[in-house]
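[1] okay, sequence plus prediction incoming.
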Amino acid sequence: MPRYTACFKHYFMKFIGIIPARYASSRFPGKPLITIKGKSMIQRVYQQALKCTALSEVYVATDNDLIAQHVETFGNVVMTSPDHVSGTDRCREAISVINKGQYTKDDVVVNIQGDEPFIHPLQIELLLGVFTDRPAQIASLYKRIERSEELFDENTVKVIVNNNNKAIYFSRLPVPFIRDLPRDQWVNNVNYFKHIGMYGYRVTALEHIGSLKQGILEKAESLEQLRWIENGMDIYMRETAMQHIAIDTPEDLKKLRSKVKGPKSKEK
């Protein structure tokens, strides 16, 4: 039986958690099925998401039979196309498959990263709070950058947020550029922020995203959210102090396992 949460005073709004999970990762094939102290990564993400009581349902969206069969042993799964190039695309198909008339245009789909096995449920609730506070169509999170190494790492996506808590731009380069200071002093003189890649979308916004074509900005930076901004869609941002380790490579897994207590387990 789905769980429901009263998010506005006058009506019920549903939040649906979807965890995109694909097998064919170029840097780490089969990543969702690797084990961390006795549990697969995808199971850990799923169970952490369930702790967010605001979510009415949680699904894993995958294109792989092995992942689907595994998820069926502990939770909900929906099969999606192998041709999707982003988690947003996979979420859009997933919600269309599982909808069956039970979700309205004002309900919210939460795209939960499948490679953060210890994501905190309070971080999910922080994101959902954006939709209870204002009529947002898309929302995401950001965190202050405190180290120069992060600031100049092109794999750390930076974001500029305006005074209305809307994203102005995302980039792999440090923004803004500080003209009159040496680069090693930038992080101590300006508040730089990195993007935490969890999204919430109204069902209608997710459908609209599917009609948008790639633009110059997205192609240049390889960041899908720039397509939304380029087409005039607002992305409301909320600051978080939490940062979780993402597993992108086998080296990341080794580092995480060394920090996690529990019985040893064999890697799949």
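    Structure's in. What do you need?

[2] tell me where this protein has helices.
    41-50, 65-71, 87-98, 121-133, 148-151, 203-209, 216-221, 225-230, 250-257 (DSSP state H).

[3] go ahead and name everything in contact with the fourth one.
    Under the criterion Cβ atoms under 8 Å, 6 or more residues apart in numbering, residues 7-8, 13, 15, 17, 48-49, 51-55, 108, 110, 112, 136, 139-141, 196, 198-200, 202, 236, 238, 240, 242, 244 lie in contact with helix 121-133. In short, each C-beta sits where N, CA and C put it, glycine included.

[4] in that helix, what counts as buried?
    Buried positions in helix 121-133, judged by neighbour count with 16 or more other Cβ atoms under 10 Å: 121, 123-128, 130-132.

[5] quick one, that helix and helix 41-50 angle?
    If you take axes from the mean of the first three to the mean of the last three Cα atoms, to 10 degrees, helix 121-133 sits at 50 degrees to helix 41-50.

[6] CA atoms of helix 121-133 as CSV?
    Taking Å, rounded to 0.1, in the frame of the first residue of the first chain, the C-alpha atoms of helix 121-133 are listed here in CSV:
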residue,chain,number,x,y,z
PRO,A,121,17.0,10.4,4.0
LEU,A,122,17.1,13.9,5.4
GLN,A,123,18.8,15.1,2.3
ILE,A,124,15.9,13.7,0.2
GLU,A,125,13.5,15.5,2.6
LEU,A,126,15.4,18.7,2.1
LEU,A,127,14.9,18.5,-1.6
LEU,A,128,11.2,17.7,-1.2
GLY,A,129,10.8,20.8,1.0
VAL,A,130,11.4,23.0,-2.1
PHE,A,131,8.1,21.8,-3.5
THR,A,132,6.1,22.4,-0.3
ASP,A,133,7.4,26.0,0.0
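
[7] and the buried residues of helix 121-133 as TSV, adding pLDDT?
    Below are the buried residues of helix 121-133 laid out as TSV (pLDDT from 0 to 100):
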residue	pLDDT
Pro121	95
Gln123	95
Ile124	96
Glu125	95
Leu126	96
Leu127	96
Leu128	96
Val130	95
Phe131	95
Thr132	88
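
[8] between those residues, which is closest to Val85?
    Leu127 (23.0 Å; Cβ to Cβ).

[9] show the contacting residues for Leu206.
    88, 91-92, 95, 109.

[10] ok, it to Gly200 distance?
    From Leu206 across to Gly200, the span is 10 Å (Cβ to Cβ, to the nearest Å).

[11] can you check Asn99 too?
    Distance, Asn99 to Gly200, by Cβ to Cβ: 17 Å.

[12] between the two, point out the one with more neighbours.
    Gly200 (29 against 13; other Cβ atoms under 10 Å).

[13] what stretches of the stretch 1-150 of the chain score poorly on pLDDT?
    By pLDDT under 70, the low-scoring segments of the stretch 1-150 of the chain are 1-11, 26, 101.

[14] please repeat the previous calculation with a cut-off of 90.
    Within the stretch 1-150 of the chain, the set of residues satisfying pLDDT under 90 comprises 1-13, 22-31, 34, 36-37, 85, 99-106, 115, 132-135.

[15] count the residues that sit near Leu33.
    Neighbour number of Leu33 under other Cβ under 10 Å is 19.

[16] scratch that, Ala241
    Neighbours of Ala241 (other Cβ under 10 Å): 8.

[17] dump the contacts of Leu206 to TSV, plus neighbour count.
    Formatted as TSV, the contacts of Leu206 follow (neighbours: other Cβ atoms under 10 Å):
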residue	neighbour count
Thr88	22
Cys91	27
Arg92	24
Ile95	21
Val109	24
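
[18] which two in these are spaced the farthest apart?
    Thr88 and Ile95 (10.9 Å).

[19] where along the stretch 101-250 of the chain do the strands fall?
    108-111, 138-144, 158-161, 167-171, 193-202, 236-239 (DSSP state E, counting those that start in this stretch).

[20] which one of those is the most hemmed in?
    Highest mean neighbour count of the strands of the stretch 101-250 of the chain: strand 108-111, a mean of 26 (counted as mean count of other Cβ atoms under 10 Å).
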